[in-house]
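# Here is my input, please return the structure:
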Amino acid sequence: MGWNEREARRHVARTEELLSGLDALADTAAREQALDALHALAEMYGECLARVMNLLDESARSALADDELVGRLLLVHELHPETAEQRVRRALADVPGVTVVSAGEAEVRVRLAPQGCGSPPVEELARNVREAVACAAPEVDRVETEEARPEPSVIPVDALFRGTSPAASPQPAGYR
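Residues are numbered from 1 along each chain as shown. Below you'll find the model as predicted:
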């Protein structure tokens, strides 16, 4: 039986903590040897993963990529079957008030339009977008956000006065 999502996240956090601790090792030779061993192990696992991905059909590759832990591992080894644009659009597809204008590895441009009461302010929405893009497509260099212009009113106010002549519009007594 494998890890559930909670156990996987806990293990990822523990692994990141252990890797960060390597930099604090006073013994430079031991630190370098540990880092070299980790790089060799990661390369070997990456090669194994690439061979597994090559044996699978598109549906199976997509199912593996949808798993949070496996999807991140595929990103590390540049084996993820989706492009950065596809991952960004999928990550932001269900976020209310967010429209992806363009997405590529160099830049993602997003238009933000908070959806009224209860929706986060633009700054928080922009921060959420940046975090979602960093998670889905860490290779993206920059995320640009812009606030959407307000939608025009259904009946512009000046349209209410079109076609009315001064004679047809009664003026208050003080304006005659």
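# after the helix or strand harbouring residue 108, next one along is what?
In this structure, residue 108 sits in strand 107-112 according to DSSP states H and E. Per DSSP H and E, the first helix or strand lying C-terminal to strand 107-112 is helix 122-136.
# Just want the most central residue of the protein.
Nearest to the geometric centre of the chain sits residue 133, at 2.1 Å (C-alpha atoms, centre = their mean).
# returning to what we had before: between the strand holding residue 108 and helix 122-136, how big is the angle?
140 degrees (axes from the mean of the first three to the mean of the last three C-alpha atoms, to 10 degrees).
# How about strand 107-112, which residues are buried there?
Of the residues in strand 107-112, 108, 110, 112 count as buried by neighbour count, 16 or more other C-beta atoms under 10 Å. C-beta here means a position set from N, CA and C on the backbone, and glycine is covered the same way.
# Residue 90 versus the residue nearest to the centre of the chain, what's the distance?
Residue 133 is 11 Å from residue 90, where distance means C-beta to C-beta, to the nearest Å.
# wouldn't residue 82 be in contact with residue 65 here?
Yes - using C-beta atoms under 8 Å, residue 82 is in contact with residue 65, at 6.3 Å.
# isn't there a strand covering residue 155?
No - counting by DSSP: H, G, I helix; E, B strand; the rest coil, residue 155 falls outside a strand, being coil.
# now it: how far from residue 161?
Counting by C-beta to C-beta, the gap from residue 155 to residue 161 is 11 Å.
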